[in-house]
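Peer 1: Sequence and predicted structure are below.
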Amino acid sequence: MRSPRSAYSLLLLAGLVRAQTGVTDPIAENCGPSVVCVNKYANVLPYHFFRNVSTSSVQTTFGDTTVANGTSLDNVKSADFLVFDKERGLKVLGSNPSYEYVFEVSKAVHEAPVYVASQNKLYLSQLAPPPGYLPQLVIDLNQDPPTLSEFLSDPPVYAPNGGTFHDGKIIWGASGGNNSIGGGEQRVGLRALDPNTNKTTSLLNNYFGFYFNTIDDLAVNQKTGDIWFTDPQYSWFNELTDTPPQLPCASYRYSPKSGAVFVVDDTIAQPNGIAFSPDYSVVYISDTGSVSGPVDPKYGHPGTPFNATGHRTIYAFDISPDGATVSNKRALYLAPGYVPDGLKVAANGYILTGNGRGVDVLDPHGQLILTVQTNYTVQNFAWTGPELKTLWLMGQGGISKVEWELAGPELK
C-alpha cells in the first residue's frame with residue numbers, strides 16, 4: 001500500500017507538470033516552401049526535452065531535440081531554412097528562396113572558396129584525406145548546369161584552407177607543408193594566384209624563422225591592404241604537415257608593403273574564421289577550440305575530437321582608426337550545433353558562419369536570424385553571381401547553393 005507521503009509527492013509532481021507555464025505554442029510553423037519559423041526562439045519547451053551532444057562525426061541540430069507529449073519537430077529538422085527572427089529572416093530569404101544540393105564530394109574537408117567574377121568561376125580546395133592531395137577544385141558557373149573539375153596552379157599550392165579575392169588575385173592561406181610536395185618543399189604560408197596566368201607567388205612563409213601552424217582563414221582590410229589571418233594548430237592534428245607546432249595559436253596582420261607581420265591577438269584557443277565589418281571598424285574571429293587535440297609529438301597526429309564544453313564562440317574586436325591594432329574583445333555568438341567554422345560578413349553587415357550541418361546568419365550583435373540546413377558538415381561558403389546573391393556552401397560530403405536576397409560584399 002502506498003504511504004500517504006508517497007501519494008502526496010505524486011500529486012505534487014502532477015500539479016507541477018500541469019502548472020508548467022510559458023510554453024511556446026506552436027514551437028514552429030511553416031512560413032513558405034521548405035521554410036519553417038521558430039516562434040520566440042522556442043524559449044520554453046515542454047518537459048521532458050533532450051538534445052544529444054554533437055560529435056566529430058555526427059552533429060545535431062535543433063530539429064533533433066526530442067520533446068515530451070508527442071510533440072514533433074520533424075518540420076524543423078527537414079526544412080531547408082529555419083527562421084528565428086521572422087521579420088528579418090523572411091526579408092533575407094525573399095519571395096522565392098531555394099536550396100539545392102549540387103555536387104556530391106568526398107568526406108574530405110572542402111575549404112577556401114574564392115569567386116573570380118571576371119571568369120564566373122568558383123575556386124575551392126580539398127584537404128586531407130588523403131594527405132598530400134595537391135589539385136584544387138573549380139566550379140565553372142558558365143556551364144548549365146555548372147561543372148566541377150580539378151585545377152592545378154603553377155607552382156601548385158598545397159592545402160589552401162582560407163582564401164579571398166584581392167587586387168585581381170586569389171589570396172590563399174596554404175595550411176600544410178613538408179619537403180617533398182610535388183617534388184619540392186612547401187610550408188604553411190600566404191600565396192597569391194593570378195587566375196589569368198595560373199601562376200602563384202609566395203607572399204609569406206615564416207615568422208622570424210618559425211613555421212606557421214596552419215593559416216586557417218584570412219581576410220583583406222580593403223582600406224589598408226593588410227592581410228589578416230588566423231593560425232590554429234589543425235594541420236599537425238590532421239597530418240597536413242610534418243612539423244609539430246612551433247608557435248602558439250594566434251591571429252596576425254601582414255603588411256604586403258613592408259613585409260612585416262604583427263600579432264593582433266593570442267587569447268583564442270583555436271582561432272579559425274576571420275572577417276571584417278563592412279566599414280572595417282570591427283573584426284570577427286571564431287574560436288573552434290572545442291575541436292582540438294594534444295600537440296606533444298609523442299602522440300603523432302591525433303586528429304581532432306569534439307568537446308562540447310570547449311570554446312566554440314565568435315568574438316568581435318574593435319579595430320583602431322589606423323587599422324593596426326584591436327581592442328575591446330567581446331563574445332558575440334556561441335555556436336549551438338558544432339563549431340563556428342567559415343566566417344564571412346554580408347554587404348548589409350550580417351555575419352554568416354558554418355555551424356555543423358548548416359550556416360547560421362546573425363546580426364552584428366550576434367542574434368541568430370536564420371539557419372540554412374544541410375545534410376553534410378559545412379566548412380565554408382562564398383557568394384557568386386552578378387548581384388552576389390547566390391551562396392555556394394561546401395564541406396565534408398557536399399557542395400550546395402542557396403538563392404536568396406542576402407548579397408555578399410564586392411571583392412576587388
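Peer 2: Now that the structure is in, tell me what you want to look at.
Peer 1: When you work out contacts or count neighbours from here on, use the C-alpha atoms and nothing else.
Peer 2: Fine.
Peer 1: Residue 352 contacts residue 359, doesn't it?
Peer 2: Yes: contact criterion C-alpha atoms under 8 Å: residue 352 and residue 359 qualify, at 6.6 Å.
Peer 1: Off-centre distance for stretch 349-359?
Peer 2: 6 Å (C-alpha atoms, centre = their mean, to the nearest Å).
Peer 1: measure it end to end?
Peer 2: End-to-end span of stretch 349-359 (C-alpha to C-alpha, to the nearest Å): 16 Å.
Peer 1: What of stretch 60-74?
Peer 2: 13 Å.
Peer 1: quick one: contacts of it?
Peer 2: Identification of contacts with stretch 60-74 by C-alpha atoms under 8 Å, 6 or more residues apart in numbering yields 28, 45-54, 75-78, 337-338, 356-357.
Peer 1: and these, which are buried?
Peer 2: Buried by 16 or more other C-alpha atoms under 10 Å: 28, 45-46, 53-54, 75-78, 337-338, 356-357, out of the contacts of stretch 60-74.
Peer 1: any idea how far the residue sitting nearest the centre point of the chain is from residue 285?
Peer 2: In the chain, the C-alpha nearest the mean C-alpha coordinate belongs to residue 342, at 2.2 Å (C-alpha atoms, centre = their mean). From residue 342 across to residue 285, the span is 10 Å (C-alpha to C-alpha).
Peer 1: Spit out the residues that contact the two alike.
Peer 2: Common neighbours of residue 342 and residue 285 (C-alpha under 8 Å, 6+ apart) are 272, 273, 274.
Peer 1: where's the first one relative to residue 228, distance?
Peer 2: Taking C-alpha to C-alpha as the criterion, residue 272 is separated from residue 228 by 12 Å.
Peer 1: got a pLDDT number for residue 110?
Peer 2: We have a pLDDT of 96 for residue 110.
Peer 1: Just list the residues touching it, thanks.
Peer 2: 124, 125, 126, 127, 379, 380, 394, 395, 396.
Peer 1: Please flag which of those sit within strands.
Peer 2: 124, 125, 126, 379, 380, 394, 395, 396 (DSSP state E).
Peer 1: how about a markdown table for the residues you listed, with neighbour count, pLDDT and distance to residue 181 added?
Peer 2: Shown next, in a markdown table, are the ones in strands among the contacts of residue 110 (neighbours: other C-alpha atoms under 10 Å; pLDDT from 0 to 100; distance: C-alpha to C-alpha, whole Å):
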| residue | neighbour count | pLDDT | distance to residue 181 |
| --- | --- | --- | --- |
| 124 | 27 | 97 | 19 |
| 125 | 29 | 95 | 16 |
| 126 | 27 | 94 | 15 |
| 379 | 28 | 97 | 24 |
| 380 | 31 | 98 | 25 |
| 394 | 31 | 98 | 25 |
| 395 | 26 | 97 | 24 |
| 396 | 21 | 95 | 24 |
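Peer 1: Tell me which helix or strand comes right after the lowest-mean-pLDDT helix or strand in the chain.
Peer 2: Of all helical and strand segments in the chain, the minimum by mean pLDDT, DSSP states H and E falls on helix 4-18, at a mean of 45. Going down the chain from helix 4-18, the next helix or strand is strand 28-32, by DSSP states H and E.
Peer 1: Can you tell me the strand partners of that following strand and which way each runs?
Peer 2: When pairing is defined by DSSP bridges, strand 28-32 lines up against strand 35-38 (antiparallel).
Peer 1: following the strand it pairs with, which helix or strand comes up?
Peer 2: Taking DSSP H and E, what comes next after strand 35-38 is helix 74-78.
Peer 1: helix or strand right after that following helix?
Peer 2: Following helix 74-78 toward the C-terminus (DSSP H and E): strand 81-83.
Peer 1: starting at the chain centroid, how far to that following strand?
Peer 2: 18 Å.
Peer 1: Partner strands of that strand, with direction?
Peer 2: Assessed with DSSP bridges, strand 81-83 is paired to strand 35-38 (parallel), strand 368-373 (antiparallel).
Peer 1: With distance to residue 67 as extra columns, can I get the ones you listed in JSON lines?
Peer 2: As requested, the strands paired with strand 81-83 are arranged in JSON lines below (distance: least, C-alpha to C-alpha, whole Å):
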{"stretch": "strand 35-38", "distance to residue 67": "15"}
{"stretch": "strand 368-373", "distance to residue 67": "20"}
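Peer 1: nearest to residue 99, of those?
Peer 2: Ranking the strands paired with strand 81-83 by their distance to residue 99 (criterion: C-alpha to C-alpha) puts strand 368-373 first, at 8.3 Å.
Peer 1: Please export the C-alpha coordinates of that closest one as PDB.
Peer 2: Extracted C-alpha coordinates of strand 368-373, given in PDB (Å, rounded to 0.1, in the frame of the first residue of the first chain):
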ATOM      1  CA  LEU A 368      20.500  34.400 -34.800                       C
ATOM      2  CA  ILE A 369      18.200  35.400 -37.600                       C
ATOM      3  CA  LEU A 370      18.000  32.200 -39.600                       C
ATOM      4  CA  THR A 371      19.800  28.900 -40.400                       C
ATOM      5  CA  VAL A 372      20.400  27.200 -43.700                       C
ATOM      6  CA  GLN A 373      20.200  23.500 -43.000                       C
END
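Peer 1: Give the buried residues for it.
Peer 2: In strand 368-373, counting by 16+ other C-alpha under 10 Å, buried: 368, 369, 370, 371, 372, 373.
Peer 1: For the first one, give the beta-bridge partners.
Peer 2: For residue 368, the beta-bridge partners under DSSP bridges are residue 362.
Peer 1: Who are the contact partners of it?
Peer 2: Residue 368 makes contact with 84, 85, 360, 361, 362 under the criterion C-alpha under 8 Å, 6+ apart.
Peer 1: Out of those, which two sit at the greatest distance?
Peer 2: Comparing every pair within the contacts of residue 368 by C-alpha to C-alpha identifies 85 and 360 as the most remote, at 12.2 Å.
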